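**Student:** kindly return the folded structure for what I paste below:
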Amino acid sequence: VSGMGMGTNEQPAHTIHTSFVLVFQEMSGQGEIDSVDFLAGSDQRLVSGVEAQDLDYPIEGAKLTFTDESGKEYATSTDSSGRFSIDLDTAKSYKMKVEKDGYKTLETDFEPVENVNYNLKIVLEAGDLQNYGGFANMEEVSVNYDMSKGWSLMSLNVVPDKEDYMASDLLSDMNSYGLFISRVMRFRDGRWDVYRIESPDANDFRLKLGEGYVVKSDKKGKFSIAGKGIGESVPVRLGAGWNLIGVPYSESEYTAVGLIDSTNESGAAVDTVTRWESKWVSVVKQEGLVYGNDFRINNQGAYFVRSTKAVYWEP
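**Tutor:** Okay, the predicted model is just below:
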């Protein structure tokens, strides 16, 4: 997460003009904020800046509210690059709130200091625990899943009743139907995270809409997850490299080629979509040419998608 602070000579005394980058980053906690102070030179310009990392995602339209000791509010929002700016009185302290649909609200204290420019790290976690970021509708549902013997790739297309639905909860739900699933795996940022039965709690991870998972079953069967239906498109995180994703909701019925086209229209550089059906099956599109047989994207399935650019895609 990175940002850039800016200042001008025309600022009144005790006022600091701040300009930050708000970016998306997966986290296990409620969110965090770090501040890095840069002493300004005589022209009050930032001595140093930090550029966003490859796997950071700018958040457009996030609302930031700064409330001073008297209760007066100062509000702004981020632009398409995740940037915002606001003038604050350095003689006051503030409560800062950062809000965006699809993310947990972040609240923290902020005390600007005179003659100091700031580069703030602001990290929001995707998915509000109460309703996965507002994607759920009011309809109570029980979604059925078919499980093959052996390896399967799957994703959630339901907002589970349990607030923090973990890999351990998925194993419990599956095995309560007589299946024996020994592990759940996710692939994120180029590495595998694995949760096995009787694994330490530290290895457990929260399941998210738009993310894919790999499970292994000793037999064929069915299981259900109770929760609420999904009422709108769920943003999907694509990093540079291989990604394991799901598409839990979309108004269009995507095929692999359609997914490639749609993600690239959002600024990605996707060329390959791969699924598992007892063997790996890929569709590649390069320079307008398609290689392989196109296939339909199932909203309970999971797919490996290769992109050379990091984006935040809304199906």
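**Student:** verify the stated contact: Val141 with Ile230.
**Tutor:** No. Judged on C-beta atoms under 8 Å, Val141 makes no contact with Ile230 at a distance of 9.3 Å. Quick note: C-beta positions are derived from backbone N, CA and C, even for glycine.
**Student:** so between these two, which is more surrounded?
**Tutor:** Taking other C-beta atoms under 10 Å, Val141 and Ile230 do not tie; Ile230 has more neighbours (23 against 17).
**Student:** the more buried one contacts Ser155, correct?
**Tutor:** No. Look at Ile230 against Ser155 with C-beta under 8 Å: they stay out of range, at 11.4 Å.
**Student:** what do the two both touch?
**Tutor:** Here Ile230 and Ser155 have 209, 248 as joint contacts, going by C-beta atoms under 8 Å, 6 or more residues apart in numbering.
**Student:** just to revisit the earlier point, which neighbours do Val141 and Ile230 share?
**Tutor:** By C-beta under 8 Å, 6+ apart, Val141 and Ile230 have these common neighbours: Val158.
**Student:** just the buried positions in the strand ranked longest in the chain, please.
**Tutor:** When the chain is parsed with DSSP state E, its longest strand is strand 136-147. Within strand 136-147, the residues scored as buried using 16 or more other C-beta atoms under 10 Å are 136, 141, 143, 145, 147.
**Student:** cool, and stretch 264-280?
**Tutor:** Neighbour-count burial for stretch 264-280, with 16+ other C-beta under 10 Å as criterion, is recorded at 264, 268, 270-276.
**Student:** element containing Asp169, please.
**Tutor:** Asp169 belongs to helix 167-175 when assigned by DSSP states H and E.
**Student:** and if you look at Leu259?
**Tutor:** Assigned by DSSP H and E, Leu259 belongs to helix 256-265.
**Student:** can you list the helices and strands that that helix packs against?
**Tutor:** Counting contacts by 3 or more C-beta pairs under 8 Å, 6 or more residues apart in numbering; DSSP states H and E, helix 256-265 packs against strand 270-276, strand 280-286, strand 303-307, strand 311-313.
**Student:** run through the protein and note the low-pLDDT ranges.
**Tutor:** Counting by pLDDT under 70, the chain contains low-confidence residues at 1-58, 81, 102, 113-138.
**Student:** tell me who's in contact with the residue nearest to Ser168 when sequence neighbours are not counted.
**Tutor:** The shortest distance from Ser168 to any non-neighbouring residue, by C-beta to C-beta, 6 or more residues apart in numbering, is to Asp204 (5.1 Å). Residues in contact with Asp204, defined by C-beta under 8 Å, 6+ apart, are 166-168, 195.
**Student:** most surrounded residue in those residues?
**Tutor:** Busiest of those [other C-beta under 10 Å] is Ala167, holding 23 neighbours.
**Student:** got the contact list for it?
**Tutor:** Going by C-beta under 8 Å, 6+ apart, Ala167 touches 184, 186, 195, 204-207, 213.
**Student:** quick check: it vs Ile181, distance?
**Tutor:** Distance of Ala167 to Ile181, computed by C-beta to C-beta, to the nearest Å: 10 Å.
**Student:** Leu238 reaches Thr263, doesn't it?
**Tutor:** Yes. The criterion here is C-beta under 8 Å, and Leu238 meets it with Thr263 at 6.5 Å.
**Student:** give me the distance between Trp151 and Lys216.
**Tutor:** Distance of Trp151 to Lys216, given as C-beta to C-beta: 5 Å.
**Student:** correction: Asn157
**Tutor:** Distance from Asn157 to Lys216, by C-beta to C-beta: 21 Å.
**Student:** who has more neighbours, these two?
**Tutor:** Neighbour count, other C-beta under 10 Å: between Asn157 and Lys216, Asn157 has more, with 22 against 15.
**Student:** helix or strand: which one has that one?
**Tutor:** Using DSSP H and E, no element contains Asn157; it sits outside every helix and strand.
**Student:** quick one, phi psi at it?
**Tutor:** Main-chain dihedrals, Asn157, degrees, to the nearest 10: phi -120, psi 30.
**Student:** how about Glu232?
**Tutor:** Per degrees, to the nearest 10, the backbone of Glu232 is at phi -160, psi 170.
**Student:** isn't it up against Pro248?
**Tutor:** No. With contact defined as C-beta under 8 Å, Glu232 does not reach Pro248; the gap is 10.3 Å.
**Student:** who has more neighbours out of those two?
**Tutor:** More neighbours surround Pro248 than the other of Glu232 and Pro248, with 23 against 15 (other C-beta under 10 Å).
**Student:** out of everything not next to it in sequence, what's closest to the more buried one?
**Tutor:** Once flanking residues are discounted, Pro248 sits nearest to Asn157: 4.1 Å by C-beta to C-beta, 6+ apart.
**Student:** kind regards, and thank you for your time.
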